[in-house]
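Peer 1: After the sequence you'll find the predicted model.
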There are 2 protein chains.
Amino acid sequence: MYTQSDNNHSGSRNLGRLIMQLRRLERQPHSFGTAGPLTPSEIHTVEAIGFEGGVLMSELAGRLGITKGAVTQLIARLEAKELVTRSPHPNDSRAIVISLTETGREANAAHEEVHRRFYDQLRSQLSEQEIEIFERCIEKLNVFLQQ
Amino acid sequence: MYTQSDNNHSGSRNLGRLIMQLRRLERQPHSFGTAGPLTPSEIHTVEAIGFEGGVLMSELAGRLGITKGAVTQLIARLEAKELVTRSPHPNDSRAIVISLTETGREANAAHEEVHRRFYDQLRSQLSEQEIEIFERCIEKLNVFLQQ
DNA sequence: GCATTTAGTATAGTTCCTAAACTTAATGGT
DNA sequence: ACCATTAAGTTTAGGAACTATACTAAATGC
């Protein structure tokens, strides 16, 4: 028999352990598609650009929650690895439009596939109702963390 | 009406967004207790040492999932900030026993309190059953990420 | 037209980590 | 008792991933 407080602590501890595991994962580079090994920041940037592409540098900074300067550095690395292309904006000559190359789109697809498989694996062990509740909890967490 | 595949994608996207938010959080220093601002790595190290203390450097490396060299550097910073103390091991003169100082224990308590409050806030918006399911999901995620 | 805002870059510095080469101490045969 | 091996911790060089600050150049708004 658990008390309210026991539950509380073990739940909080598990969440802490999850964060520790994510910190560990978010340090190791991985290969996606035909591109070489990509650091977590690099693949997240590719993810934030997306298949459609046509993203501005400052928009990317907003999506990733980092400064414009950091984006400049990341895009420079990704351009050197030939995963993204810079092109001038048609109306605003200050702006730069970022898009994925074919290799970049491959990497993005491979990364999405990893996520999808991971999520499927989780879903396979849960009932419809449990999945629904879990996703609602994740949404609530997102709202809490937004501020 | 959702299809299975729609659900899947939105769930996976929400999880991705959560990770993005955690990445952002895990960059900003915060103050805990009477200690000055602590970086995420520093407070996680304090957390890993714990109230009881008496942890070896290599044990700490294992708990945090980082190398011994990284721990040496972290502990040096925390010692300078007077949050931890090094003391010789009674039986093994190679080993060093790490413990929290009073300030370190205060910081740890304040950090735990933040976690507890955050978790309470989440719990207040969920039913008993939802909490139970959510915690089970977190545990499953931990198992998946373990490998 | 001129001040202000906005897009992006450059650069220096910090944090946080790894890898590799070390020192020193313990341990396990032989 | 001796020596190889293992284990605990440190050191150093370097890379990744940021921030902050100061900048250039183009757009916008009175």
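Peer 2: It's in.

Peer 1: Near DNA strand C, which residues of chain A are found?
Peer 2: Residues of chain A lying close to DNA strand C (CB under 7 Å from any atom of the strand) are A:23, A:27, A:56-59, A:68-69, A:71-73, A:75-76, A:86, A:89, A:92, A:94-97. In short, each C-beta sits where N, CA and C put it, glycine included.

Peer 1: Okay, and which of these map to helices?
Peer 2: A:R23, A:M57, A:S58, A:E59, A:K68, A:G69, A:V71, A:T72, A:Q73, A:I75, A:A76 (DSSP state H).

Peer 1: Just the buried ones from the residues you listed?
Peer 2: Among those, those classed as buried by neighbour count (16 or more other CB atoms under 10 Å in any protein chain shown) are A:R23, A:M57, A:E59, A:V71, A:I75.

Peer 1: Surely A:G104 is in a strand?
Peer 2: No - the assignment for A:G104 (DSSP: H, G, I helix; E, B strand; the rest coil) gives helix, which keeps it out of a strand.

Peer 1: Surely it touches A:E79?
Peer 2: No - at 10.0 Å, A:G104 does not count as touching A:E79 under the criterion of CB atoms under 8 Å.

Peer 1: Of the two, which one has the most company?
Peer 2: Counted by other CB atoms under 10 Å in any protein chain shown, A:G104 and A:E79 do not tie: A:G104 has more neighbours, with 25 against 14.

Peer 1: Give me the pLDDT value at that one.
Peer 2: pLDDT, A:G104: 96.

Peer 1: ok, now A:R13?
Peer 2: 79.

Peer 1: likewise A:E113?
Peer 2: If you check A:E113, the pLDDT there is 93.

Peer 1: any idea which element it lies in?
Peer 2: A:E113 is located in helix A:102-124, with elements delineated by DSSP states H and E.

Peer 1: For that helix, buried residues please.
Peer 2: Buried-residue list, helix A:102-124, by 16+ other CB under 10 Å: A:103-108, A:110-112, A:115, A:119, A:122-123.

Peer 1: And stretch A:134-147, by the same measure?
Peer 2: Neighbour-count burial for stretch A:134-147 [16+ other CB under 10 Å]: A:F134, A:E135, A:R136, A:C137, A:I138, A:K140, A:L141.

Peer 1: The helix or strand encompassing the second one packs against which elements?
Peer 2: So the one you mean is A:E135. In this structure, A:E135 is located in helix A:128-146 according to DSSP H and E. Helix A:128-146 sits against helix B:4-25, helix B:102-124, helix B:128-146, with contacts defined as 3 or more CB pairs under 8 Å, 6 or more residues apart in numbering or on different chains; DSSP states H and E.

Peer 1: Show me how far the shortest one is from its chain's centre.
Peer 2: By that I understand helix B:128-146. Centroid separation for helix B:128-146 versus its chain: 17 Å, with CA atoms, centre = their mean, to the nearest Å.
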